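Enquirer: Quick one, what's the 3D model for this:
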Amino acid sequence: MSKPRKPKGRPISGWLILDKPLDFGSTEAVSKIKWLFKAQKAGHAGTLDPLASGMLPIALGDATKTVPYVMDGRKIYEFAVAWGDERSTDDLEGEVTQSSSTRPSEEDIRALLPKYTGVISQVPPQFSAIKIDGNRAYDLAREGETVDIPAREVEVFRLSLLGCTPNLAHFEIECGKGTYVRSLARDFGRDLGCFGHIASLRRSFVAPFAEEAMVTLAELVALEKIESDEERLEALDAFLIDTGEALSNLPHIAITEDQAHRLKMGNPIILRGRDAPTAEPEAYATSRGKLVAIGEIGEGEFRPKRVFVTA
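Expert: Numbers count the residues shown, from 1 in each chain. Have a look, this model is predicted:
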């Protein structure tokens, strides 16, 4: 029987909060970061279109196990809507499908915002990653098919008009998982009777990571001039955020090294003490500040669901 292949790359773990540049796909960005860091595996928490810039959290190594928790986090975008044209992709990339010479007033725009605040029903764009009968909607759209994408509920916590001219309006939005800003531009335009599409889009926040944590691709690529592999990788690793930071919204327990060893073997540990939590569907455990496991607390025990070796 053949031996299992040894994974290529370094078994490092952590989050890299990339300030993704324009005209650079999210998958392309992940591949570049994985190569720069010589990481065994990598993934991202929330796609940004090539025509969008800003925060793209990239998980390396064991941090990929925490991607769902970041995907569920709140997000903040700044975006501009150009009035007059609706486009096939709902942004600058697509072909014009409908046009109007009508332009909305600032008062009309402000009056519309409450309709799109709170829990709203939204139809994702034709060019989106939504699966229809096993196929990505964007693949079907590129083949010329118009597909019926069901509406779904998303949550908008805050929506503000930052400024406007006759042809362009700038907004900021704080929203939950699954919200398509391109759909908002399309729907704004239809409601205002002038049509619209995204002219620019930037993501500044993905909970729990702050804007100050972002690093540009140019900063990382500049380190390639360091000839020593050891020194170059050490300089890159300095940009990584601890894996456990992705779980800061969950209850936390600190444990001993002996308890950490038991969890890493897949065994539950007993929680003692007056302050020990009694029941939590999800919590995370750390030892000496390092993430050990995600699990559930019940009946005086912490039961691991996911364990971390290199976190």
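Enquirer: Please list all residues in contact with the spatially most central residue of the chain.
Expert: Among the residues of the chain, Gly46 comes closest to the average C-alpha position under CA atoms, centre = their mean, at 3.0 Å. Going by CB atoms under 8 Å, 6 or more residues apart in numbering, Gly46 touches 56-57, 70-71, 75, 203, 206. No exception for glycine: its C-beta is placed from N, CA and C like everyone else's.
Enquirer: Now do the nearest residue to Glu257 once chain neighbours are set aside: how many residues are near it, please.
Expert: Nearest residue to Glu257, sequence neighbours excluded (CB to CB, 6 or more residues apart in numbering): Ser287, at 5.7 Å. When neighbours are defined as other CB atoms under 10 Å, Ser287 has 19 of them.
Enquirer: what's the spacing between Ser287 and Leu271?
Expert: 14 Å (CB to CB, to the nearest Å).
Enquirer: do Gly94 as well
Expert: With CB to CB as the criterion, Gly94 and Leu271 are 54 Å apart.
Enquirer: do Ile226 as well
Expert: 46 Å.
Enquirer: now swap in Arg110 and tell me
Expert: For Arg110, the distance to Leu271 (CB to CB) stands at 52 Å.
Enquirer: what about those two, which has more around it?
Expert: Leu271 (19 against 14).
Enquirer: how about the more buried one, what does it touch?
Expert: 253, 277, 297, 300-302.
Enquirer: one more time with 10 Å, if that's ok
Expert: When contacts are counted by CB atoms under 10 Å, 6 or more residues apart in numbering, Leu271 touches 253, 255, 259, 277-278, 285, 297-302.
Enquirer: from those, which single one is nearest His197?
Expert: If you rank the contacts of Leu271 by distance to His197 using CB to CB, Ala285 comes first, at 46.8 Å.
Enquirer: Show me where the stretch 1-150 of the chain dips below the pLDDT cut-off.
Expert: For the stretch 1-150 of the chain, residues meeting the criterion pLDDT under 70 lie at 1-6, 126-146.
Enquirer: all strands for it, in order.
Expert: For the stretch 1-150 of the chain, strands defined by DSSP state E, counting those that start in this stretch occupy the ranges 14-20, 42-44, 52-60, 75-83, 85-87, 96-99, 118-122, 131-132, 135-136.
Enquirer: Mind listing the shared neighbours of Ser287 and Leu271?
Expert: 253, 255, 259.
Enquirer: who are the neighbours in contact with the second one?
Expert: By CB under 10 Å, 6+ apart, the contact list for Ile255 reads 261-263, 269, 271, 285-288, 292-293, 302.
Enquirer: And Glu212, by the same measure?
Expert: Ile17.
Enquirer: Could you pull out the helices in this structure for me?
Expert: 26-37, 67-71, 106-112, 137-142, 181-192, 217-222, 229-237, 257-264 (DSSP state H).
Enquirer: Buried deepest among these, which one?
Expert: helix 181-192 (a mean of 22; mean count of other CB atoms under 10 Å).
Enquirer: Please compute how far it lies from its chain's middle.
Expert: 22 Å (CA atoms, centre = their mean, to the nearest Å).
Enquirer: can I get the CA coordinates of that helix in PDB?
Expert: Extracted C-alpha coordinates of helix 181-192, given in PDB (Å, rounded to 0.1, in the frame of the first residue of the first chain):
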ATOM      1  CA  VAL A 181     -24.700  45.000  -2.600                       C
ATOM      2  CA  ARG A 182     -25.100  44.600  -6.400                       C
ATOM      3  CA  SER A 183     -28.700  43.600  -5.900                       C
ATOM      4  CA  LEU A 184     -29.300  46.700  -3.800                       C
ATOM      5  CA  ALA A 185     -28.000  48.900  -6.600                       C
ATOM      6  CA  ARG A 186     -30.300  47.100  -9.100                       C
ATOM      7  CA  ASP A 187     -33.400  47.400  -6.800                       C
ATOM      8  CA  PHE A 188     -32.700  51.000  -5.800                       C
ATOM      9  CA  GLY A 189     -32.700  51.900  -9.500                       C
ATOM     10  CA  ARG A 190     -35.900  50.100 -10.200                       C
ATOM     11  CA  ASP A 191     -37.700  51.600  -7.200                       C
ATOM     12  CA  LEU A 192     -36.500  55.100  -8.100                       C
END
